[in-house]
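Engineer: A predicted structure for the sequence below; I have some questions about it.
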Protein chains: 2
Amino acid sequence: MSSLASALYARLHSSLASPSMLPSPPPSASIGSWKSIAQRAQNHRDETLAAVQPPISDITDIPQDSTSVPETILTADELSITESDPEKLITRMASGELSSVQVTNAFLRRAAIAQKLVNCVTELLPEAALGRAASLDAYLKEHGKPLPISTKEMINIAGLTCNAAFISWHDRVPDSNAHILDILLDAGCILYARTTQPQTLMHLETSSNYYGTTVNPFNRNLTSGGSSGGEGALVGMRGSCLGIGTDIGGSIRSPAANNGVYGLRPTSKRLPMQGMTATMLGSEHILPVIGPLSTSLGGIKLFMKTLLDAQPWIREPSLVPLPWKTAPQLPGSEKGKVKLRLGVLTDDHVVRPHPPIRRAINDIVSKLSGIPEIEVIPFVPYNHDEAWTIISSLYFADGGAEEKAAIGASREPWRPLSKFIITENPNVKALSIKEIWDLTIRRDEYRDGYARRWTESGIDVLLCPVGPGAAPPIDSARYWGYTAQWNLLDYPTLVAPVSKVLPTDVAETEYQPRNEQDRYNHQLYDAVKYANAPVSIQLVGRRYEDEKVVEAMEYLQEKLGLPWAEYV
Amino acid sequence: MSSLASALYARLHSSLASPSMLPSPPPSASIGSWKSIAQRAQNHRDETLAAVQPPISDITDIPQDSTSVPETILTADELSITESDPEKLITRMASGELSSVQVTNAFLRRAAIAQKLVNCVTELLPEAALGRAASLDAYLKEHGKPLPISTKEMINIAGLTCNAAFISWHDRVPDSNAHILDILLDAGCILYARTTQPQTLMHLETSSNYYGTTVNPFNRNLTSGGSSGGEGALVGMRGSCLGIGTDIGGSIRSPAANNGVYGLRPTSKRLPMQGMTATMLGSEHILPVIGPLSTSLGGIKLFMKTLLDAQPWIREPSLVPLPWKTAPQLPGSEKGKVKLRLGVLTDDHVVRPHPPIRRAINDIVSKLSGIPEIEVIPFVPYNHDEAWTIISSLYFADGGAEEKAAIGASREPWRPLSKFIITENPNVKALSIKEIWDLTIRRDEYRDGYARRWTESGIDVLLCPVGPGAAPPIDSARYWGYTAQWNLLDYPTLVAPVSKVLPTDVAETEYQPRNEQDRYNHQLYDAVKYANAPVSIQLVGRRYEDEKVVEAMEYLQEKLGLPWAEYV
């Protein structure tokens, strides 16, 4: 990058933090009034929405499936832009066919609509994003590849508040950008929207005392998932084509699955983690990761390659210096004769997935039986209940003290799923150093055991559910096993849409639950309640085989004609 | 490997655990008598020495420099074998020029001599090693590359006691081999000697209540270093050409430096760690690593490549799947025009190294001034005192409870350096989870700061001292900064010999110490006391640049004609 371009970038980065965009600082005496702080945050959000041009009017009589609303409001060009895959969009913008301003504005308008429909945005950044887009158009046509992107609120932006959905943290303002944003901005990204997250960041849904609940675009009675649920809903609404999420128990994959989009939980220590606002910083027992949600698999690859091409391990030495592999990773692919051994796990033997999940996986397996290049191998789960015991004992090793302090400081109410995962979770307690060491040994032994099982099975990648059902009704996402399993193992895991809940996916009436979690999950389901919800799958690989997992998904899609359902 | 060979290997592995080699189990009532347990361990060791043929007589009137004793006892063939570099030896054995039995027996005899001279062995394994060597000669000429190797006692061997130098752990018998041994045995190694380690494994020397003190081959008044000090002394005596050590604060590098041999502390998560007997298992705050000590740089590479070729990350998924890079790593080497930017740090600004260390590094720098391919860049240390505060606060996060329990259980006395690093260390206390998280954040911020300094300096690798002096007198290795610095940063670090203490390295009389540690170190030195001690250097690279560090050392040696001192 030339020094002119560098100087320009510096200005553009700093312009994100225009003071006019911040909520006015509250008098410290008002700290106790959590409602007034939340109201101020909502007012600020609404002001940023109001700055979008042409303005988006309020929407009344929202249908249960709100994904069809944008086409009644946006222009044909705006629809075409916002429904493009990111990898195609970036090419059209780099070539000058589309201007950055035009594309950014289309996404701002669609994000504003998404907010009015499903409540997924904490603020839009129209002034900074359009200013940056104009500069990119003017000066940088040949220097960068512009692309508008969105981000979960917890990713630090210099000069903007970052609160991790705790009311008491409302006035925390980082003085520098997250490492990941520096790289993406240098690569030409335009940041135009920030998205909602749940109180504590530890729900598989998205509800907070700032903004209430983010709902599912395909069925407003269901959750968008979480904790990156604002991203999931925004990308599901095509208010964004590429967004940044984080995942320590399913927080990228649950919203990707619930909103019918792609999401990757990469192996830890690949992508930059510097600059987040969250509790439990410094904890290494279970590592959070950052990763993409996108409307296309190409967007997932674009995200990974852009970040790894920047060699983030130089600035952040805790990362492993592994570039994104572009050479084929599937066995036999170098000779053009792929032979993929696909493990299939339909049920973790703890909580049985709902009918649409089992139907979708069984349909995939049937279709694969006619494809000689793919060998399907049933995979027997290895003590997944033990995995949950270990990981849920390691999450809040201080007994949830940081979360309790952060919630208590403003006297905001505990959201139901915050209670569920902390105060009602029998595995949460304040651990001693000895206990944490013992649990770490138990974790590593479990990981070793799983690696043995994997090796003995001979599989390349594993196909499995993303959860025990499609997006559940609000406040009922209480089984993390299908996603947290892979956090415990730190295996790379990719979510992709394959189907939707169909009226023919009828509930079983005769089922005898195995345990209390299974009973709870079983009684949640009926086909009407879950109508229209996306059904997704996970594809899992060994640690650091992120590229192989993405490649295997591309291969499966090509062979199977996935995704079966088109959403926009 | 054929199934015949597999079966044979299985038998050979199990034959290591021949019951006749174990100390007889003590009646549990005798647990309080630590002296009787230690005596039994020594008797066992002596019995294994007595089984070596032809026998090695006791040695009286040991000279202060005992490195010349072996040549008065061994045959010319035995001297030639044991003074060969491992990479040459393996070729001669694989070709049939030397038999495994002949080579193993030569090392057994020299190791027995080393034991009588410097007290570095916990047991020899003549029966198992010679039996295995005979089988390898008979069946495996074409299947493996045999090489006799030695190992620190803490590396688990199925069926043999493994006590981490705690008397109360004398009856711990692992039921399987350490992962690293399984790989090395599969590759054809012959395990013939186990070596001493200090009480707690946390000294930069080697003294225990089992075996007393391991002394330095070059000067019996000085320490062999530690905690892999038995390995260091045995390799220094050429009683082994390749041995296994571990390092969490300098435990490979201190003994390598003190005994004038090569030692590599690899980046963490590269080499297999499953199967060790130690305290603090499960602690992730500062990661111990396993690594080689060898009489040659070729031996270091052989060790790394053999282990990584076996893809240890499949069995042990905590490892990073990074094969040993054989392509050139130095800048410009792909075009045959290396341009090496060599950082030099002579003094960490906390404790000033003794005259021979400064003289040796200054001599290297002078010689380099005439070499255009190497640019010497003075490197300013970045808060090394802060690094020590962080790492020494993280080592014993339970306040040393495990060490106190392990020592207390037999009522064995605390060795002076155990007291120094645990009970007299102001940074050791039982931490809460919150404190460990805060220290982890502080550690990571320090690492990020160091990475910035490194990047700004533009260096490829860094040359620096291994300690604040050559091997110090017994019980005085009390400054870990020069080695622990790189454990905190997890940078790969290679030790190589460059010189010896010379009579002309006279102590400074006018020096004003900077602090108490510096004063203590300063008063230790005089040229007569330290006479003949090896002087070594460290070469350091960024995380995961192990190969580059080794290559840079080869390049320096070639350009400088190092090592300047030949020891055998």
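Structural biologist: Ah, there it is. On a predicted model such as this, the values are computed, not experimentally measured, just so you know. Numbering: from 1, shown residues only, chains lettered A, B, ... in the order given.
Engineer: And for the biggest helix by length in chain A, what's in contact with it?
Structural biologist: The helix that spans the most residues within chain A, counting by DSSP state H, is helix A:433-457. With contact meaning Cβ atoms under 8 Å, 6 or more residues apart in numbering or on different chains, helix A:433-457 is reached by A:285, A:343, A:377, A:379-380, A:382-383, A:386-387, A:390-391, A:393-394, A:397, A:431, A:462, A:488-490, A:542, B:274, B:280-284, B:314-318, B:397-398, B:401-402, B:430-431, B:433, B:436. (C-beta placed from N, C-alpha, C; glycine too.)
Engineer: Next: stretch A:83-102.
Structural biologist: A:77, A:81, A:103, A:130, A:132-134, A:136-137, A:141, A:145-148, A:190, A:238, A:241-242, A:294-296, A:298-299, A:301-302, A:568.
Engineer: Could you pick out the buried ones from those residues?
Structural biologist: Taking 16 or more other Cβ atoms under 10 Å in any protein chain shown as the criterion, what is buried in the contacts of stretch A:83-102 is A:81, A:103, A:130, A:132-133, A:136-137, A:141, A:145-148, A:190, A:238, A:241-242, A:294-296, A:298-299, A:301-302.
Engineer: So which of those are in strands?
Structural biologist: Among the buried ones among the contacts of stretch A:83-102, the members found in strands (DSSP state E) are A:147-148, A:190, A:242, A:294.
Engineer: and the stretch 301-450 of chain A, which residues reach chain B?
Structural biologist: By Cβ under 8 Å from any Cβ of the partner chain, the part of the stretch 301-450 of chain A that sits against chain B consists of A:313-318, A:320-322, A:397-398, A:401-402, A:430-434, A:436-441, A:444, A:447-448, A:450.
Engineer: let's see 10 Å
Structural biologist: By Cβ under 10 Å from any Cβ of the partner chain, the residues of the stretch 301-450 of chain A that approach chain B are A:313-322, A:396-399, A:401-402, A:430-445, A:447-448, A:450.
Engineer: Equivalent analysis for the stretch 1-150 of chain A, please.
Structural biologist: Residues of the stretch 1-150 of chain A found near chain B (Cβ under 10 Å from any Cβ): none.
Engineer: Quick check: which ranges of the stretch 1-150 of chain A have low pLDDT?
Structural biologist: Within the stretch 1-150 of chain A, the segments meeting pLDDT under 70 span A:1-32, A:139-144.
Engineer: cutoff 80 now
Structural biologist: A:1-32, A:138-145 (pLDDT under 80).
Engineer: Quick one: the helices in it, in order.
Structural biologist: Ranges of helices within the stretch 1-150 of chain A are A:3-15, A:34-50, A:76-82, A:86-94, A:100-118, A:126-139, based on DSSP state H, counting those that start in this stretch.
Engineer: do the stretch 251-400 of chain A as well
Structural biologist: Under DSSP H, counting those that start in this stretch, the stretch 251-400 of chain A gives helices at A:253-258, A:297-309, A:355-368, A:384-394.
Engineer: okay, those, which one's buried deepest?
Structural biologist: Highest mean neighbour count among these (mean count of other Cβ atoms under 10 Å in any protein chain shown): helix A:253-258, with a mean of 35.
Engineer: how about low-confidence regions in chain A?
Structural biologist: For chain A, applying pLDDT under 80 flags the ranges A:1-32, A:138-145, A:562-568.
Engineer: what's the nearest residue to the residue positioned nearest the centre of chain A if we skip its chain neighbours?
Structural biologist: Residue closest to the mean C-alpha point of chain A, counted by Cα atoms, centre = their mean, is A:Ile252 at 2.6 Å. Nearest non-adjacent residue to A:Ile252, counting by Cβ to Cβ, 6 or more residues apart in numbering or on different chains: A:Gly245, 4.1 Å away.
Engineer: Can you verify my assumption that the one you found contacts A:Ala256?
Structural biologist: Yes. Counting by Cβ atoms under 10 Å, A:Ala256 is a contact partner of A:Gly245 at 7.9 Å.
Engineer: between the two, what contacts are shared?
Structural biologist: Taking Cβ atoms under 10 Å, 6 or more residues apart in numbering or on different chains as the contact rule, A:Gly245 and A:Ala256 both touch A:228, A:231-232, A:235, A:263-265, A:291-293.
Engineer: Any residue of stretch A:475-489 touching chain B?
Structural biologist: Yes. Contact of stretch A:475-489 with chain B (Cβ under 10 Å from any Cβ) involves A:Leu489.
Engineer: sorry, back to before: tell me the most buried of the helices of the stretch 1-150 of chain A?
Structural biologist: Across the helices of the stretch 1-150 of chain A, averaging neighbours per residue (mean count of other Cβ under 10 Å) puts helix A:100-118 on top, at a mean of 26.
Engineer: Figure out how far it is from the centre of its chain.
Structural biologist: 19 Å (Cα atoms, centre = their mean, to the nearest Å).
Engineer: Compute the inter-axis angle for that helix and helix A:86-94.
Structural biologist: Per axes from the mean of the first three to the mean of the last three Cα atoms, to 10 degrees, the angle that helix A:100-118 makes with helix A:86-94 is 140 degrees.
Engineer: show me the contacts for A:Phe303.
Structural biologist: Contacts of A:Phe303 by Cβ under 10 Å, 6+ apart are A:86, A:147, A:149, A:180, A:184, A:189, A:242-244, A:264, A:266, A:271, A:290-294, A:324.
Engineer: quick one: A:Gly239 from chain B, how far?
Structural biologist: 34 Å (Cβ to the nearest Cβ, to the nearest Å).
Engineer: Hmm, that residue is touching A:Ala111, no?
Structural biologist: Yes. If you go by Cβ under 10 Å, A:Gly239 and A:Ala111 touch, sitting 3.8 Å apart.
Engineer: Can I get stretch A:258-276 in CSV, CA atoms only?
Structural biologist: Output in CSV follows, covering the C-alpha atoms of stretch A:258-276 (Å, rounded to 0.1, in the frame of the first residue of the first chain):
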residue,chain,number,x,y,z
ASN,A,258,-31.3,-21.0,12.4
ASN,A,259,-31.2,-18.3,9.7
GLY,A,260,-30.3,-20.6,6.8
VAL,A,261,-26.8,-19.2,6.1
TYR,A,262,-23.2,-20.5,6.1
GLY,A,263,-21.1,-20.2,9.3
LEU,A,264,-17.6,-21.5,10.1
ARG,A,265,-16.2,-22.1,13.6
PRO,A,266,-12.5,-22.3,12.6
THR,A,267,-9.9,-24.2,14.7
SER,A,268,-8.6,-22.0,17.5
LYS,A,269,-5.5,-19.9,17.1
ARG,A,270,-6.0,-19.3,13.4
LEU,A,271,-7.9,-16.0,13.3
PRO,A,272,-7.0,-12.8,15.3
MET,A,273,-8.7,-12.5,18.7
GLN,A,274,-7.1,-9.2,20.0
GLY,A,275,-9.7,-6.6,20.9
MET,A,276,-13.0,-8.0,22.2
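Engineer: anything in that stretch near chain B?
Structural biologist: Yes. Stretch A:258-276 reaches chain B (Cβ under 10 Å from any Cβ) through A:267, A:269, A:273-274.
Engineer: Looking at those, spot the one nearest chain B.
Structural biologist: Nearest to chain B, judged by Cβ to the nearest Cβ, of the residues of stretch A:258-276 next to chain B is A:Gln274 at 7.1 Å.
Engineer: Contacts only, for A:Pro353.
Structural biologist: Counting by Cβ under 10 Å, 6+ apart, A:Pro353 has contacts A:346-347, A:359-361, A:464-470, A:479, A:482, A:521, A:525, A:535.
Engineer: Pull the number of nearby residues for A:Gly481.
Structural biologist: Residues near A:Gly481, counting by other Cβ atoms under 10 Å in any protein chain shown, number 25.
Engineer: Any figure for the gap between it and A:Ala507?
Structural biologist: 20 Å (Cβ to Cβ, to the nearest Å).
Engineer: hmm, back to that, between the helices of the stretch 1-150 of chain A, which one is closest to B:Ser366.
Structural biologist: Nearest to B:Ser366 among the helices of the stretch 1-150 of chain A is helix A:3-15 (38.2 Å), distances taken as Cβ to Cβ.
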